[in-house]
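Chemist: pasting the sequence and the predicted model now:
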Amino acid sequence: MQDRQDSLAARLMAGEHGAAAELVDKYYEQIYLFIRRLGHDCQISEDLTQETFFQAWHHIGQLRDDKALNAWLYRIAGNVSRHYWRKHMGSKAASIEKIDVPDRSKAQHDKIEYYEQLGHLKNAIERLPWKLRQTVVLHYLQHLSITKAAEAAGVREGTFKSRLNRALRILRKQVI
Amino acid sequence: MKEEKLIKRLNELAEQTAEPVRPGLAEDIKHHIPRQISPHRRGMDTINIIIDLRINKLAAAAIIIMALILLANFFSSRDSSGAGLLQDSKMLVSYLLRDRADGANLSAVKSRYEHLIQKSEQAVYYGDKADPQDRSAVLLQWKLPDGNYRVITGDLQEKTVSADELIELLSRMLQEK
């Protein structure tokens, strides 16, 4: 698996057209969901996913470490998203409408409470400062290891862990 | 909420927010793959290294041009240790940084304007129209509660003026145009 990924990176660095299509097939869902979980709406997330890949092709010469393809792509996506937030400072984070709360009349009370809690948690993540939000999304929602997530965020592991602790502390206070 | 429970909820949130991605998205992206993906270009190595050192592109360009001047002086009959080279470098740096300094000043004044507007002050920004080289041009003005006006001029000085003085400053700007 690693060999395949390595060869994909090598082919990309060689400017192979087919490798670019393979990169899209392999990562577009992850990147879309990452951007979506950072709080952008569906349409913007699609646009930013496209922008991420354009940036990747444009800066393919900067891909130096074959093993870092995944983190490199996340890093570009993070920068694209942050750039969008900066440009549209006033815009509100869009909610992910996916959490379906069952009908109150039928569902158990604790089930409703559970979904409400998830809703509060989601809102609390969207209210976090950008760097902390990115940290939580990369590690807990995208399931990247600390090493990979730190690489994707462009920080040292120690810094990433400290951000993660700070984010969890804030979330613990906000979500009862 | 306890940390273990919070982490459990975060994992559950990951499952809940794993929404389906529009199937056509991948194809849309692939349609825009450039015919020629620009691979690592050896000629760009020096520039990339300098930019990687977190030096901005303008400074990187200045360093490269200065290095070229140095080389040109070295291979030509000009005196590379004398004032000529120093003068060339000074001229180059001042030329490269001139517009940037003006831009930075204007953007600082613009930020101040945005801050005042947020505070619901009656502020007017002239930076878009005023000549940044004109040191007496009014870049920003806002009304004070006592009826006077506070202005920031092209030399970035901030002063309080009366309504009449402000009119005089603004009319001078118009005449100069």
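Modeler: That came through, no problem.

Chemist: what is the least confident helix or strand in chain A?
Modeler: helix A:2-13 (a mean of 68; mean pLDDT, DSSP states H and E).

Chemist: now swap in chain B and tell me
Modeler: helix B:45-52 (a mean of 52).

Chemist: tell me where chain B has helices.
Modeler: Here chain B has its helices, by DSSP state H, at B:3-16, B:24-31, B:45-52, B:57-75, B:83-118, B:163-176.

Chemist: the spatially closest residue to residue A:174 that is not a sequence neighbour: what's it in contact with?
Modeler: Excluding its sequence neighbours, the residue lying closest to residue A:174 (Cβ to Cβ, 6 or more residues apart in numbering or on different chains) is residue A:124, at 4.3 Å. The C-beta positions use only the backbone N, C-alpha and C, and glycine is treated the same way. By Cβ atoms under 8 Å, 6 or more residues apart in numbering or on different chains, the contact set of residue A:124 is A:170, A:171, A:174, A:175.

Chemist: can you get me a residue count around residue B:118?
Modeler: For residue B:118, the neighbour count with other Cβ atoms under 10 Å in any protein chain shown is 8.

Chemist: helices of chain A, start to end?
Modeler: A:2-13, A:17-37, A:42-58, A:69-87, A:109-127, A:130-136, A:146-153, A:157-174.

Chemist: roughly how far apart are the closest residue in space to residue B:149 that isn't next to it in sequence and residue B:124?
Modeler: Here the nearest residue to residue B:149 in space, its sequence neighbours aside, is residue B:166; by Cβ to Cβ, 6+ apart that works out to 4.7 Å. Distance check for residue B:166 against residue B:124: by Cβ to Cβ, to the nearest Å, it reads 10 Å.

Chemist: how long is stretch B:8-26 end to end?
Modeler: End-to-end span of stretch B:8-26 (Cα to Cα, to the nearest Å): 32 Å.

Chemist: now that stretch: buried residues?
Modeler: Going by neighbour count (16 or more other Cβ atoms under 10 Å in any protein chain shown), the buried part of stretch B:8-26 is B:9, B:10, B:13, B:14, B:16, B:17, B:21, B:25, B:26.

Chemist: need the overlap of contacts for residue B:166 and residue B:124.
Modeler: residue B:141.

Chemist: before we move on, back to that, most neighbours, which of the contacts of residue A:124?
Modeler: Most surrounded of the contacts of residue A:124: other Cβ under 10 Å gives residue A:171, at 24 neighbours.
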